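*Asks:* no letters, just coordinates:
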């Protein structure tokens, strides 16, 4: 009798162990807000935005950002904060007379926050440096200068 009970306990323990192995693990976050740093953790601002989840902060170090991944930036509807470390005088998005700084068009709300950038030298056929189309993000502490478009 004792051998039968031991076998049942052993089979039960194996079944429980297999259950833990067979069930896929769901990604969980240790904290509600994650800070993604550019360029320390991500090479471009867009790369950090793409990796962010709602409530995350993309923190951009001082510098002038140009080229692919640092203009025509798109939050993709995420409720994230994209913020410069030390304000618009120190963190510049230079569109190099081709493209715009930011394009909000995926239903971004006031929970999508842009804070502390200078956006300069944007040149597009419509709406200049920052375009909001069907979106209402929060844009604060930003300087928009030397941008142009054909649309008034």
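*Replies:* Great, that's in hand. On a predicted model such as this, the values are computed, not experimentally measured, just so you know.
*Asks:* CA only for contacts and neighbour counts going forward, please
*Replies:* Noted.
*Asks:* which stretches in this structure count as helices?
*Replies:* Taking DSSP state H to define them, one finds helices in the chain at 2-22, 45-51.
*Asks:* which of those helices has the lowest mean pLDDT?
*Replies:* Out of the helices of the chain, helix 2-22 stands lowest, with a mean of 45 (criterion: mean pLDDT).
*Asks:* can you name the residues that contact the spatially most central residue of the chain?
*Replies:* In the chain, the residue lying closest to the centroid (C-alpha atoms, centre = their mean) is residue 49, at 2.3 Å. By C-alpha atoms under 8 Å, 6 or more residues apart in numbering, residue 49 lies in contact with 58, 74-75, 82.
*Asks:* among those, which lie within strands?
*Replies:* Taking DSSP state E, the ones among these that sit in strands are 58, 82.
*Asks:* and the contacts of residue 49, which is closest to residue 40?
*Replies:* residue 58 (11.2 Å; C-alpha to C-alpha).
*Asks:* shouldn't the closest one be in contact with residue 37?
*Replies:* Yes: look at residue 58 against residue 37 with C-alpha atoms under 8 Å: they come within range, at 5.9 Å.
*Asks:* worst mean pLDDT across the helices and strands of the chain, which element?
*Replies:* helix 2-22 (a mean of 45; mean pLDDT, DSSP states H and E).
*Asks:* number of nearby residues for residue 149?
*Replies:* 15 (other C-alpha atoms under 10 Å).
*Asks:* contacting residues for it?
*Replies:* Contacts of residue 149 (C-alpha under 8 Å, 6+ apart): 123-128.
*Asks:* returning to that earlier point: among residue 58 and residue 37, which residue is more densely surrounded?
*Replies:* More crowded of residue 58 and residue 37, by other C-alpha under 10 Å: residue 58, with 26 against 20.
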